[in-house]
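J.: A predicted structure for the sequence below; I have some questions about it.
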Amino acid sequence: MINMKKWLVISLMVFLQGQVWAQQIAQRLKVSDDIVLVKLSERAYVHISQAEIPPFGRVSSNGLIFVNGKEAFLFDTPVTEEETRTLVDWLKSSMEVEVVGFVPNHWHIDCMGGLAYLQQQHIPSWANQITVDSAKVKGLPVPDHRFTDSLQLKLGDKTIECYYLGPAHATDNIVVWIPSEKILFPGCLVKSMNSRTLGNTGDGDLKAYPATIIKVIDKFTDARIVIPGHGPFGGPELLRHTYRLAESNQ
């Protein structure tokens, strides 16, 4: 008779294989050699881009696109302005969708490296007050609008909710919740299931990390899809996995 520990290990392996399989068969749209979209629902896509990020080398980063009708909101840009231009232009030419708003997860380049291009296109942006303050101090492009604890935006008849629940990966990281899709985009605050460490936490708060993750877990109990800043997306198991990683650093 198989013991409980072995059964749990086998169950986890089957689950992870299922997650990988699900993402492989999801509709993938090639934007360029460095950018692809993965369709999550009729209105939502993950954009996955590849770029050099010193000193880490070539890095794959995730962002979210939420579409309603002919308009879209962008959450995190690709690393460069050129890649951001490519993505925005492709959405317009191939999907006939205009990007009408932008929200970064935090101030790092893999979240708002393309903000200057978006501002040149007069696309409005919203960010955590701490992100705005950090951008000013670091001489980066500054988002147009700011919020403190939470922000609610409308895209047609759909609602977008943004929350600051505390420091973790960075002191300013937020989470984005799309209620109609049950999609949670916590970005770099959350790690993929194949991550064995919390990664780059040089601008974060390791002491506060576990408490922040618990707030996310408690608030979004009906999340269907959870998208990390890097690596494969999944479900709520990513939140629990990140909590375990954060706890191991205490």
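T.: Looks like it came in fine. Residues are numbered from 1 along each chain as shown.
J.: list the contacts of residue 143.
T.: By Cβ atoms under 8 Å, 6 or more residues apart in numbering, the residues touching residue 143 are 102, 104, 112, 115, 125-127, 131-132, 135. For the C-beta atoms, the positions are set from N, CA and C on the backbone; glycine is no exception.
J.: export the residues you listed as a markdown table, with columns for distance to residue 151.
T.: Listed next are the contacts of residue 143 as a markdown table, based on distance: Cβ to Cβ, whole Å:
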| residue | distance to residue 151 |
| --- | --- |
| 102 | 13 |
| 104 | 12 |
| 112 | 16 |
| 115 | 17 |
| 125 | 12 |
| 126 | 6 |
| 127 | 9 |
| 131 | 12 |
| 132 | 12 |
| 135 | 17 |
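J.: could you tell me which of those are located in helices?
T.: Mapping these onto helices (DSSP state H) picks out 112, 115, 131-132, 135.
J.: all the strands of this protein, in order from the start?
T.: For the chain, applying DSSP state E gives strands covering 28-32, 35-39, 44-53, 57-68, 71-75, 98-103, 126-128, 145-147, 150-155, 158-163, 175-178, 183-187, 225-228.
J.: what is the last one packed up against?
T.: Translated: strand 225-228. Packed against strand 225-228, as judged by 3 or more Cβ pairs under 8 Å, 6 or more residues apart in numbering; DSSP states H and E, are the following elements: strand 57-68, strand 183-187, helix 237-247.
J.: return the distance of the residue nearest in space to the middle of the chain relative to residue 63.
T.: Centroid check for the chain by Cα atoms, centre = their mean gives residue 187 as the closest residue, at 3.0 Å. Between residue 187 and residue 63 the distance is 8 Å, computed by Cβ to Cβ, to the nearest Å.
J.: okay, and the common contacts of these two?
T.: Common neighbours of residue 187 and residue 63, counting by Cβ under 8 Å, 6+ apart, are 75-76, 111.
J.: if we can go back for a sec, most surrounded residue in the ones in helices among the contacts of residue 143?
T.: residue 131 (30 neighbours; other Cβ atoms under 10 Å).
J.: OK, contacts around that residue?
T.: 104, 106-107, 112, 143, 146, 172, 174.
J.: contacting residues around residue 239?
T.: Neighbour list for residue 239: 186, 190, 213, 216-217, 220, 223, 226 [criterion: Cβ under 8 Å, 6+ apart].
J.: coming back round to it: now distance to residue 151 too, for the helices and strands packed on strand 225-228, in TSV please.
T.: Shown next, in TSV, are the helices and strands packed on strand 225-228 (distance: least, Cβ to Cβ, whole Å):
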stretch	distance to residue 151
strand 57-68	14
strand 183-187	14
helix 237-247	21
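J.: give me the below-cutoff pLDDT ranges for this protein.
T.: By pLDDT under 70, the low-scoring segments of the chain are 1-26.
J.: re the thing from before, which among the shared contacts of residue 187 and residue 63 end up buried?
T.: Neighbour-count burial (16 or more other Cβ atoms under 10 Å) is assigned, among these, to 75-76, 111.
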